[in-house]
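Colleague: Turn this into a model:
(2 chains)
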There are 2 protein chains.
Amino acid sequence: MTAKSQQGWTGEPGELLRVGAGFRLADVDPDATPGYDGKKPDGAADLRAGAQQLDDLQERLYAQSVEDPSAPSVLLILQAMDSAGKGGIVRHVIGATDPQGIRLKAFKKPTPEELGHDFLWRVEKEVPEAGYIGVFDRSHYEDVLIGTVRELAPADEIERRYGAINAFEEGLAARGVRILKVMLHISYSEQKSRLMKRLERPDKHWKYTPGDVDERLLWPRYMDAYQTVLDRTSTGHAPWHVVPANAKWYARLAVQALLLDALEEIDPQWPAATYDVAKEKERLAAT
Amino acid sequence: MTAKSQQGWTGEPGELLRVGAGFRLADVDPDATPGYDGKKPDGAADLRAGAQQLDDLQERLYAQSVEDPSAPSVLLILQAMDSAGKGGIVRHVIGATDPQGIRLKAFKKPTPEELGHDFLWRVEKEVPEAGYIGVFDRSHYEDVLIGTVRELAPADEIERRYGAINAFEEGLAARGVRILKVMLHISYSEQKSRLMKRLERPDKHWKYTPGDVDERLLWPRYMDAYQTVLDRTSTGHAPWHVVPANAKWYARLAVQALLLDALEEIDPQWPAATYDVAKEKERLAAT
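Modeller: Predicted structure coming up:
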């Protein structure tokens, strides 16, 4: 279901963007806005309307967990090439809700300590507790993406990781973590333009490193690696969605819609009081 | 200095609210709006204007740290009686900035593992890294507040903690953590009204526990304990501010102004590129 107060949707983003059998990343047009009939200004208005819904649903999700440690949580996993807009999603979609209900984790290059453990060790520690919306900015998928492209691990270890990831995510789903995996997909030329803007603006220089061009030169290998990830890990309990992201406004709206879908499926309710309300009113009145 | 785009301030909140020698909590009027001449609607407009400034300063603060692990950070410590509005500060003041630059920690009742360590053990782990704005919703001050009121530790241990806290905070300040300590101060009758609202609204029942009245019955002892905390730990490197909080809109505006002051004192600047910009433009253009 799509969010009722969002007017521009003509299709279900959850269905249109989900990675199913036979999905080919190369066939996705990064300029497209699947399922959305409106233009950028409509998108901005719909994003504001969706933010209200998200805020309400997030509070209910959290409230459910206060007396119930087995209550559900949500985990949004964001993957993308550099400059595709992960930060913008966090800022404009996640940033519109109460920070108290969010568990945000940006995974960087593993530390020596982390490299001394299995690749999922540092990830397990960041799984959102009951009632929270967790957001992974990069994730365990780096360990199969850059792991493959940069040959950071042997092929049989990479192969093992696919199985480990699917088992890990299945376990999370079984204990009530609703997993939503999103690849933001920009075009090769759009990335060039975005990186160039960072070089042209002194207030954006800090966002650029020479390594960005090194990685860019490996674009075709990364696309192959993403295709493999999508083939191997888009499961029923943790499906991937590929979101065209050349239009930032669309990508934000689409991720928000996917989050709203996940929360509406959970349909969190205000929990009943675990105490005698009338008696507590009396106790309080007497103070 | 106060934020230039905020029109309603007629005084410096940093000076008016700071706890200095001879400060008496009992003399603070929780209904007052020190230094602010406007009314609630002016406060809302000024809060929006301040949010823009905070957002800009936060990004600069973060940018500074990307290549400089010794860059400053900010730590906002929030303490208050139940229902005084800590959550609203986090939601409306902190929530207006990019979540990627925030490190929020809500300290709950210590776990058995935490109780096995010194009271500062769990706190040290949450100190914001360079470039971040850290927010403590409750803090190590609980260990002297509830610690005293509920007699959770012997008097000589409480006494030791004051020294340990001041030494700890001095160490943080020395390594570039700008500490801002805020007590939100509501009246006894305002708390009653806020707790009663939670009991009257089924969608707020989850925010209430019978323990809230138990704590409320100890109000005078808590006020004494806060007075001692303010006397003992409002230092030059980590001063306390007492913010009247019966008017939620004022409390939010005042805490925002204090944060803006702290950031303006740091005066973070966009860092210079650590690479050859012209050369990188060429490299990128060639891709």
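Colleague: Which positions in the stretch 1-150 of chain A make contact with chain B?
Modeller: A:63, A:66-67, A:87, A:90-91, A:94-95, A:97-100, A:102, A:104, A:106, A:137 (Cβ under 8 Å from any Cβ of the partner chain). No exception for glycine: its C-beta is placed from N, CA and C like everyone else's.
Colleague: ok, of those, which come out buried?
Modeller: Burial by neighbour count, 16 or more other Cβ atoms under 10 Å in any protein chain shown: within the residues of the stretch 1-150 of chain A next to chain B this picks out A:63, A:66, A:87, A:90-91, A:94-95, A:97-100, A:102, A:104, A:137.
Colleague: Which of these fall within strands?
Modeller: A:102, A:104, A:137 (DSSP state E).
Colleague: list the contacts for the last one?
Modeller: Residues in contact with residue A:137, defined by Cβ atoms under 8 Å, 6 or more residues apart in numbering or on different chains, are A:78, A:86, A:87, A:90, A:104, A:105, A:106, A:107, B:100.
Colleague: Just give me the closest of these to residue B:225.
Modeller: Distance to residue B:225, by Cβ to Cβ, is smallest for residue A:104 among the contacts of residue A:137, at 34.0 Å.
Colleague: Could you single out the nearest of the contacts of residue A:137 to residue B:196?
Modeller: Among the contacts of residue A:137, and counting by Cβ to Cβ, the member closest to residue B:196 is residue A:104, at 34.8 Å.
Colleague: Toward the C-terminus, what is the element adjacent to the lengthiest helix in chain A?
Modeller: Longest helix of chain A, by residue count under DSSP state H: helix A:40-65. Next helix or strand after helix A:40-65 toward the C-terminus (DSSP states H and E): strand A:73-80.
Colleague: Pairing partners for that next one, with directions?
Modeller: strand A:133-137 (parallel), strand A:177-185 (parallel) (DSSP bridges).
Colleague: next one: the first one to chain centre, how far?
Modeller: Counting by Cα atoms, centre = their mean, to the nearest Å, strand A:133-137 is centred 6 Å from the centre of its parent chain.
Colleague: between the helix or strand that it is followed by and strand A:73-80, how many degrees?
Modeller: Using DSSP H and E, the next helix or strand after strand A:133-137 towards the C-terminus is helix A:142-149. Angle between the axes of helix A:142-149 and strand A:73-80 is 20 degrees (criterion: axes from the mean of the first three to the mean of the last three Cα atoms, to 10 degrees).
Colleague: in the longest helix of chain A, what counts as buried?
Modeller: Neighbour-count burial for helix A:40-65, with 16+ other Cβ under 10 Å as criterion, is recorded at A:42-43, A:46-47, A:50-51, A:53-54, A:57-65.
Colleague: what does stretch A:101-120 give?
Modeller: Buried-residue list, stretch A:101-120, by 16+ other Cβ under 10 Å: A:101, A:102, A:103, A:104, A:105, A:107, A:110, A:119.
Colleague: try stretch A:125-133
Modeller: A:126, A:127, A:128, A:130, A:131, A:132, A:133.
Colleague: End to end on that stretch, go ahead and measure it.
Modeller: The straight-line separation of the ends of stretch A:125-133 (Cα to Cα, to the nearest Å) is 15 Å.
Colleague: likewise stretch A:172-187?
Modeller: 32 Å.
Colleague: So, low pLDDT: which residues of chain A?
Modeller: A:1-6 (pLDDT under 70).
Colleague: and with 50 instead?
Modeller: A:1-2, A:4 (pLDDT under 50).
Colleague: hmm, back to that, any chance of the buried residues of stretch A:101-120 in a markdown table, plus distance to residue B:219?
Modeller: Output for these, formatted as a markdown table (distance: Cβ to Cβ, whole Å):
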| residue | distance to residue B:219 |
| --- | --- |
| A:101 | 29 |
| A:102 | 33 |
| A:103 | 34 |
| A:104 | 36 |
| A:105 | 39 |
| A:107 | 45 |
| A:110 | 50 |
| A:119 | 52 |
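Colleague: quick one: which of the buried residues of stretch A:125-133 sit in strands?
Modeller: residue A:133.
Colleague: Taking the buried residues of stretch A:125-133 together, which two end up most distant?
Modeller: Distance extremes for the buried residues of stretch A:125-133: the farthest pair is A:126 and A:131 at 15.4 Å, using Cβ to Cβ.
Colleague: rewinding a little: helices or strands up against the longest helix of chain A?
Modeller: strand A:73-80, helix A:248-266 (3 or more Cβ pairs under 8 Å, 6 or more residues apart in numbering or on different chains; DSSP states H and E).
Colleague: Swap in 7 Å and give it another go.
Modeller: helix A:248-266 (3 or more Cβ pairs under 7 Å, 6 or more residues apart in numbering or on different chains; DSSP states H and E).
Colleague: next structured bit after the helix it packs on?
Modeller: helix A:277-285.
Colleague: Could you check how far that following helix is from the centre of its chain?
Modeller: That offset, for helix A:277-285, works out to 43 Å (Cα atoms, centre = their mean).
Colleague: Report the buried residues of that helix.
Modeller: For helix A:277-285, by 16+ other Cβ under 10 Å, it's A:280, A:283, A:284.
Colleague: Contacting chain B as well, which ones from those?
Modeller: Filtering the buried residues of helix A:277-285 for proximity to chain B by Cβ under 7 Å from any Cβ of the partner chain leaves A:280, A:283, A:284.
Colleague: if we can go back for a sec, redo the contacts of residue A:137 as a markdown table? Include distance to residue B:165.
Modeller: Output for those, formatted as a markdown table (distance: Cβ to Cβ, whole Å):
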| residue | distance to residue B:165 |
| --- | --- |
| A:78 | 39 |
| A:86 | 38 |
| A:87 | 36 |
| A:90 | 34 |
| A:104 | 29 |
| A:105 | 29 |
| A:106 | 31 |
| A:107 | 33 |
| B:100 | 30 |
